Every structure is written in C-alpha cells, then in structure tokens.
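Participant: Just to be clear, the model below is a prediction. Sequence and coordinates:
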Amino acid sequence: MWDQRYSDPEYVYGTDPNAFLAEVAHHIPAGPVLCVGEGEGRNAVFLASRGHEVEAVDASAVGLQKAEQLAAERGVAIATTVADLAHYEIGTERWAGVVSIFCHLPADLRRRVHRAIVKGLRPGGVLLLEAYSPAQLRYRSGGPPVRELLYELDELREDFAGLDWLQAVERVRPVHEGRFHTGEGAVVQLVGVKSARA
Ligand SMILES: C[S@@+](CC[C@H](N)C(=O)[O-])C[C@H]1O[C@@H](n2cnc3c(N)ncnc32)[C@H](O)[C@@H]1O
C-alpha cells in the first residue's frame, strides 16, 4: 500500500518538514538521529540540513528512493534502510534523537518499537513524536481511519516510560502536509528526554 502511494512522482506528504518537528528539533542534541517510518524523507532531509547524521527507516523502498532523491536535490546526505520496524534493530544508547512522525503502528508493535526507542536513545537523547489521536476519527483530514492505529497520550506515556517530558500534549492543529494531511487534525505531540537513570 505504501509503495503504491509513493509511486506518484509528487511528494505526497510534501517536501517541507512536519510543522511540529520544525518547532522542536532544536531540543535534539548534536549527534545521530533515527527517523522511523520516514517515508519520502522530508523530515530526515530537514534534520540532515541542521547538521545531524540521519538514518531513515521505512518499509517502503519506493518512499526511501524519493528520500534519497530529495537529499541529493538539497545537497545533504542521509542513510536509508528499507525494513519493517518489527525486525529493525534500533540498538542501545546509540541515538541523540529519534523522530516518529505519523508512524502509526498496531498496538503490539507500537509498544515494542517505542520501548526499543527508549533503549536506543543515549542518556540526554530526545524523542520527538507526532501522531493522530483517536479524536482524529471525527476530523477525517488524514491518518489511518481505524481506532487501533491511533495513539492515546496515556498509552504513549506508558510506552516511553523512562523519558522525562518537556512536552506531552493532545491538541487540534491545522495540518497541511501534502495531499493526505489536509485540515484540522487531532494530534498527540511528545518531546521526551532520556534521563541518565532510564
Ligand atoms: C503517514 S506515513 C508518514 C511518513 C513520514 N514520517 C512523514 O511524516 O512524511 C507513515 C509511514 O510509516 C511507514 N510504516 C508503517 N508501518 C511500518 C512498519 N511496520 N515498518 C516500517 N515502516 C512502516 C510507512 O511505510 C509510511 O512511510
């Protein structure tokens, strides 16, 4: 389904970074950043242009080819890995930042990947996440139209136990990020820092 969506020559989520990421990216300390479910690369390219070494992981080879093309056009380098997050090894205390933007996973995998992200962050490393919440079912302006793939703040706080929250909110904001994100959207937004004891 994602390869098919991305086979359009247009960047279906745009080439500008996610608006929340652009606001909060300054929280990520210097060092390598992992972007999960990165698709066509708009966020990875933005972070690389801020000086981070970036790895973009996605199950869609077609999406990541476009990510590499966008990076080349913008004169930055990114690493890409085609992988299902169910099998991708995030590692231990490896990342200064992990970025998850509209990466909606089924509950079991979501918990597993989110716990692996806590482990994968260095002490002082930062998680940035934006995703649609269940309230999005009323807006129909983007995101998966099924409750199971939408993210509740309480569940996310549990998934990411061990992070200290600089921001953990649920809000409605205008989301105009490509053809599939068009209008008021109900989102959760997280900025979490891994403390030394996590
Ligand atoms: C809505 S798109 C968001 C893309 C990108 N983060 C952005 O904001 O432009 C969701 C992405 O998650 C990826 N994805 C979903 N489930 C995945 C999984 N299990 N493993 C790897 N990637 C996955 C899809 O391939 C898709 O590119």
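Facilitator: That came through fine.
Participant: where does this structure have low pLDDT?
Facilitator: Low-confidence segments of the chain (pLDDT under 70): 197-198.
Participant: quick one: the helices in it?
Facilitator: 2-6, 19-24, 42-49, 61-74, 107-120, 153-159 (DSSP state H).
Participant: Which stretch among those helices is buried most, on average?
Facilitator: helix 42-49 (a mean of 24; mean count of other CB atoms under 10 Å). Backbone N, C-alpha and C define where each C-beta goes, glycine included.
Participant: What distance do you get for Val146 to Glu184?
Facilitator: 19 Å (CB to CB, to the nearest Å).
Participant: Arg110 now?
Facilitator: 24 Å.
Participant: So which bits of the chain are right by the ligand?
Facilitator: 2, 13, 18, 37-39, 42-43, 58-60, 63, 84-86, 101-103, 105 (CB under 6 Å from any ligand atom).
Participant: Write the ChimeraX selection for whichever of those residues are buried.
Facilitator: Applying 16 or more other CB atoms under 10 Å to the residues of the chain next to the ligand leaves a buried subset, and the ChimeraX line that selects it is:
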select :2,13,18,37,38,39,42,43,58,59,60,63,85,101,102,103,105
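Participant: so where do the strands sit in the protein?
Facilitator: Along the chain, the stretches classed as strands by DSSP state E are 33-36, 54-58, 79-82, 95-101, 121-132, 163-176, 182-194.
Participant: which residues are contacting the longest one?
Facilitator: By CB atoms under 8 Å, 6 or more residues apart in numbering, the residues outside strand 163-176 that reach it are 19-20, 24, 27, 118, 121, 127, 133, 135, 139, 141-142, 153, 156-157, 181-195, 198.
Participant: Drop anything exposed from the residues you listed.
Facilitator: Buried, going by 16+ other CB under 10 Å: 20, 24, 118, 121, 127, 133, 135, 139, 141-142, 156, 181, 185-194, 198, out of those.
Participant: what about the residue nearest the centre of the chain, distance to Ala48?
Facilitator: For the chain, Ser100 is the residue whose C-alpha lies nearest the centre (CA atoms, centre = their mean; 1.7 Å). From Ser100 across to Ala48, the span is 17 Å (CB to CB).
Participant: If you tally nearby residues, what's the number for Glu93?
Facilitator: Other residues lying near Glu93 total 12 when counted by other CB atoms under 10 Å.
Participant: what about the nearest residue to it once chain neighbours are set aside, how many neighbours?
Facilitator: Computed as CB to CB, 6 or more residues apart in numbering, the closest residue to Glu93 that is not its neighbour in sequence is Arg122, at 4.9 Å. Applying other CB under 10 Å, we find 16 other residues in the vicinity of Arg122.
Participant: Next up, the contacts around Arg122.
Facilitator: 31, 93-96, 194.
Participant: wait, Asp16 sits on Glu177?
Facilitator: Yes: the pair Asp16 / Glu177 is scored as a contact, 7.4 Å apart, by CB atoms under 8 Å.
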